[in-house]
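Student: using only what follows, build the 3D model:
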Amino acid sequence: MLQLEFFKIRRKKIWLMMILFLMVEMAWVFMSVTRSIANNPEDASWESIIYVVSSMNGLFLPILSAIVVSRICDMEHKGNTWKMLAATNVKRSTLFSAKYICANSLLLFVLIVQTMFIFLFGILNNFSGSFPLHLLISFFAGAFITTMVITAIQQWISLAIKNQAFALCLGMVGGFIGMTAALFPSSIRHFFIWAYYVDLNPVSYSYTEALGTVYARETLNIPLAISALIMLAIFYFLGRINLNRQEI
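Tutor: Numbers count the residues shown, from 1 in each chain. Predicted coordinates:
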């Protein structure tokens, strides 16, 4: 079933969309970090690039996730294939799982490219200190957990509502929340999964008049990661239940 999902999206130009998003985001990160280093050479650190990429993910990945999931799910609505699938005895729960794995496999590729970009950018700019493998692992894990929760929400909406404008609008609202998450107190932003790109980031950011910009290493917030996994389970199974009960 999973192979069939990849086969169905072969002409949907999803790869092109992901590459374009990656190019824009990485160009933005490159310009931001390069300008920061030019103004303050002490910002030439692994912490700075990881934090900036995490911040940009809060804006770009919710929107990209909405687009990817919408393109994968919209085929069933436009092609009106629900009755055909029922006739072939394909379980709706199996279809839901296949689409979910397909979407997250594509977004996993995006995160792998981002991690490689961080590594290459740091090496080429001779960042001080040893290579922080544990920071990259924490960054990758936090971003992927957050993305999986978001795709579960997006897939629920995309399969429940035929008009994909609703799902895409949710992605844009999520991008706005993710972009502005750092401006809100943690007690508020923890209610919004789109803010977890920053909250599960292993680097914190602060600015003071005396010290200027300060990046500090943090350990992965385990309780918050567990909360995200609980949300993942809730939204995933709610989406499956809704699809099973949905009228054809």
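Student: CA atoms for contacts and neighbours, from now on please.
Tutor: Noted.
Student: can you pull the buried residues of whatever helix or strand A103 lives in?
Tutor: Remark: A103 resides in helix 92-124, with elements defined by DSSP states H and E. Neighbour counts over helix 92-124 (16 or more other C-alpha atoms under 10 Å) mark 92-93, 95-104, 106-108, 110-111, 114-115, 117-119, 121-122 as buried.
Student: any idea how far the residue most central in space within the chain is from N244?
Tutor: By C-alpha atoms, centre = their mean, the chain has its centre lying nearest to T147, at 3.6 Å. Note on T147: its distance to N244, by C-alpha to C-alpha, to the nearest Å, is 24 Å.
Student: quick one, strands of the protein?
Tutor: 203-208, 212-217 (DSSP state E).
Student: adding distance to S70 and mean pLDDT, write those out as CSV.
Tutor: Output for the strands of the chain, formatted as CSV (distance: least, C-alpha to C-alpha, whole Å; pLDDT from 0 to 100):
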stretch, distance to S70, mean pLDDT
strand 203-208, 32, 77
strand 212-217, 36, 76
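Student: among the ones you listed, which is nearest N57?
Tutor: Across the strands of the chain, N57 has its closest neighbour in strand 203-208 (13.9 Å, C-alpha to C-alpha).
Student: for V214, which non-adjacent residue is spatially closest?
Tutor: The shortest distance from V214 to any residue other than its chain neighbours is 5.3 Å, reached at S206 (C-alpha to C-alpha, 6 or more residues apart in numbering).
Student: where does the prediction get shaky in this protein?
Tutor: The model of the chain has pLDDT under 70 over residues 1, 79, 82-83, 86-87, 208-212, 248.
Student: the helices in it, which residues?
Tutor: Secondary structure of the chain (DSSP state H): helices at 2-8, 14-39, 46-79, 82-87, 92-124, 133-160, 165-180, 186-189, 196-199, 222-245.
Student: ok so, going back, the residue nearest to the centre of the chain contacts S65, correct?
Tutor: Yes: T147 lies in contact with S65 (C-alpha atoms under 8 Å); the separation is 7.5 Å.
Student: need the residues touching each of those two.
Tutor: Residues touching both T147 and S65 (C-alpha atoms under 8 Å, 6 or more residues apart in numbering): L107.
Student: for burial, what's the neighbour tally of G58?
Tutor: If you count neighbours by other C-alpha atoms under 10 Å, G58 ends up with 28.
Student: ok, and the closest non-adjacent residue to it?
Tutor: G58's closest residue in space is G178 (C-alpha to C-alpha, 6+ apart), at 4.0 Å.
Student: could you find the closest non-adjacent residue to M172?
Tutor: Per C-alpha to C-alpha, 6+ apart, closest to M172 is I63, 5.5 Å.
Student: just checking, that neighbour touches A167?
Tutor: No: using C-alpha under 8 Å, I63 is not in contact with A167, being 9.7 Å away.
Student: please write out the alpha-carbon positions of stretch 130-140 in PDB.
Tutor: C-alpha atoms of stretch 130-140 as PDB (Å, rounded to 0.1, in the frame of the first residue of the first chain):
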ATOM      1  CA  SER A 130      34.400  20.200  18.200                       C
ATOM      2  CA  PHE A 131      31.600  18.900  16.000                       C
ATOM      3  CA  PRO A 132      28.500  18.800  18.300                       C
ATOM      4  CA  LEU A 133      27.000  15.500  17.200                       C
ATOM      5  CA  HIS A 134      24.600  15.400  20.200                       C
ATOM      6  CA  LEU A 135      23.200  18.800  19.300                       C
ATOM      7  CA  LEU A 136      22.500  17.800  15.700                       C
ATOM      8  CA  ILE A 137      20.800  14.600  17.000                       C
ATOM      9  CA  SER A 138      18.700  16.600  19.400                       C
ATOM     10  CA  PHE A 139      17.800  19.100  16.700                       C
ATOM     11  CA  PHE A 140      16.800  16.300  14.300                       C
END
